[in-house]
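**Q** The following comprises the amino acid sequence and a computationally predicted model.
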Amino acid sequence: MTAIVNDFFAGFSAQWIEAPAGKIFVRVGGGGPALLLLHGFPQTHIEWRLIAPQLAAKFTLVLMDLRGYGQSSVPPSEGGIAYSKREMAKDAVAVMAKLGFSRFGVIGHDRGGRVAYRLALDHAERVEKLAVLDIVPTLEMWRGMDAALAMRTYHWLFLAQPAPMPEKMIAGAPISWLKHTLASWTGDKTLAAFGPAALECYCGAFDQPDRIHAFCEDYRAGATIDKMLDGEDEAAGRKIAAPLLALWGAKGIPSEGARALDIWRRWAPRAEGRALSGGHFLPEENPADTAAALLDFFTRQ
């Protein structure tokens, strides 16, 4: 595997753990009950660097790079089959089991949030509580995909196009596309929230042809398999049993349209939540309020 660079997590161990996807990269630190953190697109576990110190004072944190992302393995895939959130959730279960955790809390942002709620549906016995950051369920996103939402979330449609069209287009200017994407989802439409060191890591983890294909496969799964699985759960009346906290940016995508909390309560009867100041990247745009809200939720009896 590649060398570990830019260690933002002093005192955390770094290791690769065998999972269904192959080797999954994780950092582990802190002490107390286990809390799994799952990053979003187009990032890595580094997105948690600003809130990890506060959370690690109360919890044993497991920061995991999703399959295809960061320093984790990149399983081959066509049509999204290896990148469904059901398959990604299996990696999370394997990682936590090998670390000795049979039950744990989960925090997921963006694509990691989709893995988190799929984990809570498919492996309810594993999840004590979960928090989802700046998302609503995948099926609900597609239901609400009118012209305005499609313009704002064009990447959902673009990245899900059949290979290799989006891969080739991104490959023409991958770093420019990445920086544009990151900035466009923040509250102030700049890259200021990320900082040069983290941004360098995101660029290095993005500008790789096999990973660009993996990212597209992630979104192809979202347009097909993930949406189908959500529909099956809804039709069967399956709900998320665990307490759920939904946080979203006041300038994030869920802040528009139907109220995000109303949507989540249809999927998780024990859901609570609210908007925080910022855009899509709450752990980096507003780390203080994000950490406080997460600590309140996960420490509450």
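**A** Right, received. Where do you want to start?

**Q** what about the strands in the chain?
**A** Taking DSSP state E as the test, the strands found in the chain are 13-19, 22-30, 34-38, 60-64, 104-109, 127-133, 244-249, 271-276.

**Q** Just give me the residue right at the centre of the chain.
**A** Closest to where the C-alpha atoms of the chain average out (C-alpha atoms, centre = their mean) is Gly112, at 1.9 Å.

**Q** quick one: the closest residue to it other than its chain neighbours from Gln161, how far?
**A** With sequence-adjacent residues excluded and distances taken as C-beta to C-beta, 6 or more residues apart in numbering, Gly112 is closest to Leu38, at 3.0 Å. (Glycine included, C-beta is placed from N, CA and C.) Plainly put, Leu38 is 25 Å away from Gln161 if you go by C-beta to C-beta, to the nearest Å.

**Q** if we can go back for a sec, show me the contacts for the residue nearest to the centre of the chain.
**A** 37-40, 66 (C-beta atoms under 8 Å, 6 or more residues apart in numbering).

**Q** May I ask which of these has the most neighbours?
**A** Leu38 (32 neighbours; other C-beta atoms under 10 Å).

**Q** Quick check, pLDDT for it.
**A** pLDDT for Leu38: 99.

**Q** so it makes contact with Val115?
**A** Yes. When contacts are counted by C-beta atoms under 8 Å, Leu38 is listed as touching Val115 (5.2 Å).

**Q** Find the residues that touch each one of those two.
**A** 66, 92, 108.

**Q** Kindly indicate which of those residues lies nearest Ala250.
**A** Gly108 (19.7 Å; C-beta to C-beta).

**Q** List the contacts of the residue lying closest to that closest one once chain neighbours are set aside.
**A** Closest residue in space to Gly108, ignoring its immediate chain neighbours: Ala116 at 3.0 Å, by C-beta to C-beta, 6+ apart. Residues counted as contacts of Ala116 (C-beta under 8 Å, 6+ apart) are 38, 106-108, 130-132.

**Q** Try it again at 7 Å.
**A** 38, 106, 108, 130, 132 (C-beta atoms under 7 Å, 6 or more residues apart in numbering).
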